[in-house]
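> Structure for this input, please:
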Amino acid sequence: MSKTESWTEKAKDTAQTAADKAKDAAQTAADKAQGWMETAKDKVSDVAGAAKDKADTATQSVGRGMETAADRVRQYAPSGRVTESVAGAIERGGEYLEEKGLSGVADDLVELVRKNPIPALLIGFGVGFLVSRALRS
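Numbers count the residues shown, from 1 in each chain. Have a look, this model is predicted:
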């Protein structure tokens, strides 16, 4: 084997070794990045779950408060059909919030919009218009 062939072989071996090391380093970096991504995904999932639980708890609390408000309406407002109708509506709303929670209310709202898209768009435009007018003044 000549000197040039020997150097060529050494250069090939060195290049192959460097390529193997670079490949290993890239794989190690990819594995670490994948691990970090999994950890971040788990933490986001945990935070989202905790936020959902807090929102549901708050919604249930609002529901109980509405039921209490209905009792107060019955207690302090003059007796009559209107009073009972208002108190009943408040109470039913409170029971609905307690039973469904925030996610259930959101699901029901999505279903309502799916069944009635045109009125939902009109309501959305109307609310947007009113909000823009309120913010403008």
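
> what's the single longest helix in the protein?
Identified as the longest helix of the chain according to DSSP state H is helix 3-76.

> Which elements pack onto it?
On a contact count with 3 or more C-beta pairs under 8 Å, 6 or more residues apart in numbering; DSSP states H and E, helix 3-76 meets helix 81-115. Every residue, glycine included, has its C-beta placed from N, CA and C.

> tell me which residues in the helix it packs on are buried?
Neighbour-count burial for helix 81-115 flags 86, 87, 90, 91, 93, 94, 97, 98, 100, 101, 102 (criterion: 16 or more other C-beta atoms under 10 Å).

> What's the local residue count around the closest residue in space to the fifth one that isn't next to it in sequence?
For residue 93, ignoring the flanking residues on the chain, the nearest one in space by C-beta to C-beta, 6 or more residues apart in numbering is residue 66 at 5.5 Å. Residue 66 is surrounded by 20 other residues when neighbours are defined as other C-beta atoms under 10 Å.

> Which residues lie in contact with residue 66 in this structure?
90, 91, 93, 94, 97 (C-beta atoms under 8 Å, 6 or more residues apart in numbering).

> Give me the local confidence score for it.
We have a pLDDT of 93 for residue 66.

> Any figure for the gap between it and residue 81?
As judged by C-beta to C-beta, to the nearest Å, residue 66 and residue 81 stand 20 Å apart.

> now swap in residue 62 and tell me
Counting by C-beta to C-beta - residue 62 and residue 81 are separated by 26 Å.

> report the angle between the axes of the longest helix of the chain and helix 81-115?
160 degrees (axes from the mean of the first three to the mean of the last three C-alpha atoms, to 10 degrees).

> who touches stretch 51-63?
Stretch 51-63 is contacted by residues 93, 94, 95, 96, 97, 98, 99, 100, 101, 102, 103, 105 when judged by C-beta under 8 Å, 6+ apart.

> swap the cut-off to 6 Å and go again
With contact meaning C-beta atoms under 6 Å, 6 or more residues apart in numbering, stretch 51-63 is reached by 94, 97, 98, 101, 102.
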